[in-house]
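**Student:** 3D model of this:
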Amino acid sequence: MRRAEQILDAVEELIAASGVVDAVGMNAVARQAGVSPGTLYQYFPHKRALVDGLLQRFTEVLRTQTAVAPRVLDARTGAATESAVDGVARTVTALAESRPALLPLLCGAGPAGEPNVLFQCLSARLALVLLPDASLHSVECASGELATRFLIQGIAVALRHGAPDVRTATLVQTRAAILAVFESRPA
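**Tutor:** Got it, this is the predicted structure:
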């Protein structure tokens, strides 16, 4: 298990350095991890398995870090929807800042071109914040996907700007776009 984690650490470092998931090759991963290509293939038979392993790792982190968000919106607390969206945005922004491979992974697609498991996890978290009574159908709706894409792009833009006031303004605009998507969605 330790060796698999070492390999996933290497993949994460390479994606963070390049900013692109597809730019990472198996030989580069083996070199970065300090293992032979044969050892790498024993743990991960192909690149998709490497990416899937890293997606699973980030999905667990994202679930843990954003687990409080749906409870923030609980009607008994009286918390505003905006605060709940801000909480998710702040959490994901902090995670993306500390682990730069997150945003390229969120932008990647699954094997059939569908949103990957990490994107789906974030989309589900947003849907639960915005639609506390969300059924599985609403979690997978086009509005949820669009809101998630707004969040990812807003965070990417915010992270490119060093000034805290510019970051804050960008995330406020991102929140407004996300809320507009859900307010305008068909019933």
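
**Student:** which other residues reach the helix or strand encompassing residue 55?
**Tutor:** Assigned by DSSP states H and E, residue 55 belongs to helix 47-65. Contacts to helix 47-65, defined as CB atoms under 8 Å, 6 or more residues apart in numbering, come from residues 4, 7-8, 11-12, 15, 21, 24-26, 29, 44, 91-92, 95, 99, 101-102, 105, 108, 111, 116-118, 121-122, 125. C-beta: built from backbone N, CA, C; applies to glycine.

**Student:** ChimeraX command to pick out the buried ones of these?
**Tutor:** Here is the ChimeraX command that picks out the buried ones among the contacts of helix 47-65, judged by 16 or more other CB atoms under 10 Å:
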select :7,8,11,12,15,21,24,26,29,44,91,92,95,99,101,102,105,108,116,118,121,122,125
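
**Student:** among the contacts of helix 47-65, which ones are in helices?
**Tutor:** 4, 7-8, 11-12, 15, 26, 29, 91-92, 95, 102, 105, 117-118, 121-122, 125 (DSSP state H).

**Student:** which helix runs longest in the chain?
**Tutor:** Longest among the helix segments of the chain by residue count, using DSSP H, is helix 164-184.

**Student:** skip the chain neighbours and tell me the closest residue to the residue positioned nearest the centre of the chain.
**Tutor:** Closest residue to the average C-alpha location of the chain: residue 106 at 4.5 Å, with CA atoms, centre = their mean. Spatial nearest neighbour of residue 106, excluding adjacent residues (CB to CB, 6 or more residues apart in numbering): residue 152 at 5.1 Å.

**Student:** residue 89 now?
**Tutor:** The shortest distance from residue 89 to any non-neighbouring residue, by CB to CB, 6+ apart, is to residue 171 (5.3 Å).

**Student:** what pLDDT does the one you found get?
**Tutor:** Predicted confidence (pLDDT) for residue 171: 91.

**Student:** isn't it right up against residue 154?
**Tutor:** Yes - counting by CB atoms under 8 Å, residue 171 touches residue 154, with 6.1 Å between them.
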